[in-house]
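*Asks:* need a 3D model of the following:
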Amino acid sequence: MSIYVGNLSYEVTQDDLNEVFAEYGTVKRVQLPTDRETGKVRGFGFVEMETEAEEASAIEALDGAEWMGRDLKVNKAKPKEDRGSSGSNRGGYGGGGRRNRY
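*Replies:* Have a look, this model is predicted:
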């Protein structure tokens, strides 16, 4: 399982996050998604810890904590939702395209 970390400073690095979370156990992986156009950090990230107990400890300690001038949002990451195929459930527009007028 993974930890979601939100409301991050745009100046944060993977090393910064690793350092903070390492206080609560072994950090296996840190991900900081970046904007496709600018390459800048998007203000959230994911941290994977060695055990669920370490994750729980980090979440409890860091959720709401101020860090780098921001109040962190820290919780268990939710599984990525499948957005489905394009064209599914488009607000009731169904069927044959044109309407026949008589």
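*Asks:* show me where the chain has helices.
*Replies:* 14-21, 52-62 (DSSP state H).
*Asks:* okay, the angle between the longest one and helix 14-21?
*Replies:* Relative orientation of helix 52-62 and helix 14-21, computed by axes from the mean of the first three to the mean of the last three C-alpha atoms, to 10 degrees: 90 degrees.
*Asks:* tell me where the model's unsure across the protein.
*Replies:* Per-residue confidence for the chain (pLDDT under 70) gives these ranges: 82-102.
*Asks:* where do the strands sit along it?
*Replies:* For the chain, the strands defined by DSSP state E cover 3-6, 27-31, 44-49, 66-67, 70-71, 73-76.
*Asks:* what comes up buried for the last one?
*Replies:* Neighbour-count burial for strand 73-76, with 16 or more other C-beta atoms under 10 Å as criterion, is recorded at residue 74. (Glycine included, C-beta is placed from N, CA and C.)
*Asks:* export that strand as PDB, just CAs?
*Replies:* The C-alpha trace of strand 73-76 is given here as PDB (Å, rounded to 0.1, in the frame of the first residue of the first chain):
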ATOM      1  CA  LYS A  73      -2.600  16.100   3.800                       C
ATOM      2  CA  VAL A  74      -1.400  12.600   4.500                       C
ATOM      3  CA  ASN A  75      -3.500   9.400   4.100                       C
ATOM      4  CA  LYS A  76      -3.600   6.000   2.600                       C
END
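*Asks:* ok so, going back, could I get the strands of the chain in TSV, plus columns for distance to residue 13?
*Replies:* Formatted as TSV, the strands of the chain follow (distance: least, C-beta to C-beta, whole Å):
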stretch	distance to residue 13
strand 3-6	13
strand 27-31	9
strand 44-49	10
strand 66-67	13
strand 70-71	15
strand 73-76	17
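*Asks:* and residue 14, which of these is closest to it?
*Replies:* When the strands of the chain are ranked by proximity to residue 14, the top entry is strand 27-31, at 4.5 Å, counting by C-beta to C-beta.
*Asks:* so which residues make contact with the closest one?
*Replies:* 14, 17-18, 21, 45-50 (C-beta atoms under 8 Å, 6 or more residues apart in numbering).
*Asks:* and stretch 64-84, by the same measure?
*Replies:* 1-9, 11-12, 16, 20, 46, 55, 58-59, 62-63.
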